[in-house]
Every structure is written in C-alpha cells, then in structure tokens.
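Asker: my questions concern the predicted model and sequence given below.
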Amino acid sequence: MTFHRGFLIALAPALLALSLMTSDSAAAGEASPNNADSSCFTLDDRALDVVIGAVEGFQGQYVEISIDFLHDFNWPVAGFDFLIQYDASLLGFVKAVEGEFLTNCGWEFFTYRFATDGNCAVDGCPSGMLRIVAMAEGASGDLDNHPDCYDNDGTPEPGPGPNSTTATQLAQLTFLVSHDWTRLDCQLVPIRFVWHDCGDNSFSSVSGDTLHISNRVFDYAGDVGVPSEPIWAEITGFDNLMPTTTGAPSPECDLSDEFTLLRCANFYNGGVDIPCTDSVHSPAGDINCNSIPYEVADAVMFTNYFIDDTAAFQPHVDYSIAASEVNHDGMPLTVADLVYTIRVVIGDAFPYPKQAPVAGAYSVYEGVLTVADGLALGGAALVVKGEVHPELLAPGMDMIYRFDGDNTRIVVVPDVDGTTVTSFSGAFLGGIRGEILTIDLATPDGARVAAENVPVHYVLSQNYPNPFNASTTFEFALPEAGRFELAVFNIQGQAVHTYSGLAESPGVYRYTWDAGDLASGVYLYRLSTGEFTATKKLLLLK
C-alpha cells in the first residue's frame, strides 16, 4: 500500500496528547466502504464532510475558493493532507492561506506546494496540482502547547466558550481566471480532490494513530438557484489505479499494519462557475452597468480604464470587464474593444462582430513610436516605464496620458466628434523615451493587432542607470539578424569588457553588465554589427 509517508511520519510523534475515536471504533480490517457508516464515529449526526467551494468568476479576475467542513462543528482532528487538481491552462494558482478553523484553534503548521515541487508522488506534481498540509501542532512534539479547541480529556467543545469554535474553513485558495473567453464562456472549471496515494485527502486523529480516508466523493453539479443549496452528483466505484478522482482505491487502501484506517471522510468537489456573456448583469457594451449599452458614457468609462486601470470600473468591476468583450475575439479589456465600442456609439458599426487578430509590427526610434507602413490603426494603449511626456503625431485622434508614480499610461483613441472612426499609420507618438512595458494596438474595425517590436533602424541607446554603481543595462535595436559585439573601454582606449552574440531575428536586445571590479570613472561602450558602429559614454561612480 502506498502512503504519503512524509506527512504521516512527521505527524505521528507530534500529536500524542488527545484522541479522536471512541473505544468502539472499528478495527482496520472492518473499515471498508460497505461498513463505513457503522464504523465511523459521527458527531451530533454530522459526518466528516469536506467541500471545495463553487464560486462565480469572471475572465481575468481573481477568485477565492474556500475549503470547508460541510457542517458547523469543532471537529476533533489534528491534521490533514489535501491534494487538489485544477486546469492550469484556465486557472492560475496564486496562494493558499489557512482558514478560520485553524486560526481560531491555534494550529501551528500550515503549508502548500504546487508544480514540480508539489510532492504529489516520487516524481513531484504535474502542472495543475496543489498539495496542502496542516497540523495542529508542529513537528517538535511539544506537548505543553496544544491547540485550544479541546478540553482536558481530548473531546471537542461544540458550544460557546473559550475552547470552542464554530468556524468551518480549513483553507482559502486564490486563483486568477484566464482570459480565454472562447473556452471559458458558460463553463464550470472544476477544482477536485485527487488521489496519488492512499494518504492523500485524509484527516489524522488527535493522537496520530488513526487516519480518516475517503468514503464517498461527489462532483459539483450546479445549484438550485442560490449558492447555499448546491447539487452534488456522487462519483461511484473505485478506479483500480492511481492517480484517481474517485477516492482512495479499494481494497488497496483499506488495510494497514501501522495505522487504524477508517473510511469516514466524504469529499465534495467545487470549482469556478463562469457566467455566460449574455447572462451577466451587463450586456456587451454596457461598460457603466446602467442597462443602456453603447452610450457615450460607456466609451468614456472604457477610455478611463486604460489610464486608471480597474479603478475606473468601481464598484462593478467584474461586470464591466465582462461587458468590455464587445468584438468577441476572446479577449476582454483590449484597445480593440474600446475602438469598436466607439464605433457602435457613433453609429459607424453594429454590435457583436467577430474579429480575428491582425499581425503587425512597430518600432521606436529617437523617441518616436511608429507602426509599419500599410497597417492602419484605430487606437493604441501603452505603458511606458518612468515618466514621459508623449506628443500626439496622428491627425484625427485624441490622446490621454497619466504618470502613476512608476510608469506612464497612454491611450490614443479616435476623435468621437466625427461620424466615422478615423485611422492612422506610420509615426503616431513622440516623446516615448523609455522602455515600453506593454503595448495594445487595434485596427479601425476593432480587431486586435498582434504586434511585434521590429526595429527599422540600428540604435544604441544610453545605458541605464547612468551614472551607475555597480551594474548597468545596455539596450540596442537590430533591424536585421546577425552577429554583434558590445565592448566597454576605459578612457585610455583599453577594452575592459566584451560581449558578443548572435541575434537570430530583428528586435530590441538588452544586456546587463556588472562593473563591480572596476574603478570609478568615465568609460566608453561601442556596438558593432555588420557595417553599423555606434559609441556612447557611461559614468561609473562608487
């Protein structure tokens, strides 16, 4: 039989003071699924049930999922080991924190692992696995520091009093929902318990000599109209091989010479319920959520988003984000959605087109942002590192920008005074003398542009920071693939550092140099590639 022995070995010596089961607990050989109900000790007619919550979530938003005891009772358990499975292409795991049941009772140990270090099995966890382990007492075995939810004889205190708790939450998980609109719309993204060995998804007794493993497993199947009345469908039968989502296999996990095993725990799966686009409180185009889509106020609020982020959508952030997916290309909150919103507002287009991304290229040279010839744009939004003062070069367009203390946020949109959406091409912004952190471009038809930075000139930029101590970054643009060399010289013309490489494609390249072993002073750096050579000064101050 396979157990997650790292947890069991660490747990047993630390939990010696209290006991969970009554004297008539079943022997290990009696603990099969057929007699689980008679051998398990239930408290106040409530079984040991644990549930992963099911919550409504929106694309691109954070959601919090709670893992709870299904019943409100101070369960006399002193450790658990959960293994959780989710679709990593649709949900990005952010963090896990201990729940109120643990904090109210003063549990000492809580941790989680995921990805390749998740310790699911010998080879670690595959993507989309999360292990959560908690113990009432740390592994030191300090018997003088017990959790305060038990009385002197080890029994729980369900009523009011200093040694009681009515909290049911064991852990709270935070996920980031993907922007994959076409896959997520109207879908339930499940989050399930999964078994890689017999010790997964188990509870320890307070004494550490009894392990409660899975009895029955249920999948979330929706609700009856309110989240407090969910519907679960039981998963019947056991898979013969692990990993499995049907529970610890039988008879493989029914017997043990080391522990008393009881199939007393029932597990209820949950997930993130993604509402249908057409069923959210605000339809597409109703950015301000007043039930009137595609009015000028929607365009104004959407424009403010690119300057103020989601603060512009308060207090209805989730619904505004859902309503922003106006061009149905699978990606909300793009400048393409904004451009199409403006088109519908001024009567230049009809709602609900299908837009495929368009390939495009841009470049920055001496602070001027340019899109490739032949590519007509209807809007742009970008974030530039540091404080810059952009200059609008595109006729028939409006520009708004704001420095947020770290970066400058800029949005360029069509002038809504006209009857049609204007477009621009070529050089459209000046003063962009900083690193572009993000850029979002759209066509006049409201299609998103998959833009690449393809330089049209060789450029050696000034190193940053400058002056510096003791490292600095060089940035240079190469419009053609090929070999290059970056060399640093002292004031006598002696090379103190050389870096060479191969640019496999046109692009902007960066290289960080550590000058910690050199003396303060003025140095020169030179970029050489093909027939192009450029030299600049830098100042090292220590």
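Answerer: Perfect, I can see it now.
Asker: surely Y62 is in contact with Q172?
Answerer: No - counting by Cβ atoms under 8 Å, Y62 stays clear of Q172, with 11.9 Å between them. (Each C-beta comes from the backbone N, C-alpha and C, glycine too.)
Asker: higher neighbour count, those two?
Answerer: Comparing Y62 with Q172 by neighbour count (other Cβ atoms under 10 Å), the higher total belongs to Q172, at 17 against 12.
Asker: neighbours of the closest residue in space to G271 that isn't next to it in sequence, how many?
Answerer: Distance criterion Cβ to Cβ, 6 or more residues apart in numbering; nearest residue to G271, sequence neighbours excluded, is P190 at 4.2 Å. By other Cβ under 10 Å, 19 other residues sit near P190.
Asker: can you check S178 too?
Answerer: Other residues within reach of S178, judged by other Cβ under 10 Å, total 18.
Asker: do you know how far it is from T473?
Answerer: Look at S178 and T473: by Cβ to Cβ, to the nearest Å, they are 32 Å apart.
Asker: can you check D87 too?
Answerer: The span separating D87 from T473 equals 38 Å under the rule Cβ to Cβ.
Asker: and V459, by the same measure?
Answerer: 15 Å.
Asker: have a look at the two and say which one is more surrounded.
Answerer: Each of V459 and T473 had its neighbours counted (other Cβ under 10 Å), and the higher figure belongs to V459 (19 against 15).
Asker: per-residue confidence at the residue nearest to G271?
Answerer: Note on P190: pLDDT of 92.
Asker: same thing with N119?
Answerer: Value listed for N119 in the pLDDT field: 53.
Asker: can you get me a residue count around G360?
Answerer: 20.
Asker: now it, which residues is it bridged with?
Answerer: A451 (DSSP bridges).
Asker: please report phi then psi for F101.
Answerer: Summarising the backbone geometry of F101 under the convention degrees, to the nearest 10, its torsions are phi -60, psi -40.
Asker: so who does it touch?
Answerer: Taking Cβ atoms under 8 Å, 6 or more residues apart in numbering as the definition of contact, the neighbours of F101 are F69, W75, T165, A167, T168, Q169, L170.
Asker: same question, S363
Answerer: Residues near S363 by Cβ under 8 Å, 6+ apart: L369, T370, A372, N453, V454, P455, V456, H457, A477.
Asker: and if you look at E391?
Answerer: Residues touching E391, when contacts are defined by Cβ under 8 Å, 6+ apart, comprise L429, G430, G431.
Asker: and of those residues, the nearest to Y365?
Answerer: G430 (10.6 Å; Cβ to Cβ).
Asker: if I look at the closest residue to the closest one other than its chain neighbours, how far off is D415?
Answerer: Taking Cβ to Cβ, 6+ apart as the measure, G430 lies nearest to E391, with 3.8 Å between them; neighbours along the chain are not counted. Shown here: E391 relative to D415, a distance of 17 Å by Cβ to Cβ.
Asker: list the buried residues for the helix or strand containing the residue nearest to G271?
Answerer: With the criterion set as DSSP states H and E, the secondary-structure element containing P190 is strand 188-193. For strand 188-193, the neighbour count (16 or more other Cβ atoms under 10 Å) marks L188, V189, P190, I191, R192, F193 as buried.
Asker: next, the angle from the longest strand anywhere in the chain to strand 188-193.
Answerer: With secondary structure taken from DSSP state E, the chain has its longest strand at strand 210-223. Angle of strand 210-223 versus strand 188-193, following axes from the mean of the first three to the mean of the last three Cα atoms, to 10 degrees, is 170 degrees.
Asker: what's the first helix or strand after strand 210-223?
Answerer: Proceeding N to C from strand 210-223, the next assigned helix or strand is strand 230-235, under DSSP H and E.
Asker: and that next one, what other elements does it pack with?
Answerer: In terms of contact count using 3 or more Cβ pairs under 8 Å, 6 or more residues apart in numbering; DSSP states H and E, strand 230-235 is assigned the packing partners strand 210-223.
Asker: alpha carbons of stretch 458-473, as CSV, please.
Answerer: Taking only C-alpha atoms (Å, rounded to 0.1, in the frame of the first residue of the first chain), the coordinates of stretch 458-473 have been written out as CSV:
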residue,chain,number,x,y,z
TYR,A,458,20.1,50.4,-35.8
VAL,A,459,20.0,52.1,-32.4
LEU,A,460,22.4,52.1,-29.5
SER,A,461,20.6,53.6,-26.5
GLN,A,462,22.1,55.3,-23.5
ASN,A,463,22.8,52.8,-20.7
TYR,A,464,20.6,52.9,-17.7
PRO,A,465,21.1,53.8,-14.9
ASN,A,466,23.8,56.3,-15.7
PRO,A,467,25.7,57.2,-13.6
PHE,A,468,25.7,53.7,-12.1
ASN,A,469,27.1,51.6,-9.3
ALA,A,470,27.9,48.8,-9.9
SER,A,471,25.7,47.3,-12.7
THR,A,472,24.0,48.9,-15.7
THR,A,473,21.9,47.8,-18.7
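Asker: now tell me what touches it from outside.
Answerer: For stretch 458-473, the surrounding residues in contact (Cβ under 8 Å, 6+ apart) are 365-366, 474-479, 510-516, 525, 527, 529, 532, 534-536, 538-542.
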